[in-house]
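[1] sequence-free structure coming up:
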């Protein structure tokens, strides 16, 4: 069975200070195994910045349109359409869109669910 849907801002909901469309996992058929990773399309309006985010998952951003910059735990980088940006786990990050058009990217992250934190456990970066 082929599953098909479109990445579209109209299908997104407000998360992390921007519009996000969860695309992986999609609505699975009963009995289908959950994938080991997740994915979402992100839409950041012109002149906006995402909320600060930090998670125990590695993440890859594939920039679909626009250009912007990333603050990652004190490091800064600019990016544009076609760039791939790698964000290591447990590093706070904020995406900025100084441009005049919506910045759009696809984020893929793993594992799908953040590991459960246990009191007294150290977070490694």
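    Noted; the coordinates are in hand. The shown structure was predicted, so the numbers you read here are calculated from the model rather than taken from an experiment. Numbers count the residues shown, from 1 in each chain.
[2] How many residues are close by residue 52?
    Around residue 52 sit 11 other residues, with neighbours defined as other C-beta atoms under 10 Å. In short, each C-beta sits where N, CA and C put it, glycine included.
[3] quick one: pLDDT of it?
    You'll see residue 52 listed with a pLDDT of 97.
[4] Also residue 35?
    Reading off the model, residue 35 has pLDDT 86.
[5] Ok, residue 123 next?
    On the pLDDT scale, residue 123 gets 51.
[6] Pass me the low-pLDDT residue ranges in the chain, would you?
    27-30, 117-125 (pLDDT under 70).
[7] what about the residue nearest the centre of it, which helix or strand?
    Central residue of the chain (C-alpha atoms, centre = their mean): residue 107, 3.7 Å from the mean position. Here residue 107 sits within strand 103-110, counting by DSSP states H and E.
[8] thought the residue nearest to the centre of the chain was touching residue 37?
    No. Assessed by C-beta atoms under 8 Å, residue 107 is found out of contact with residue 37, at 10.4 Å.
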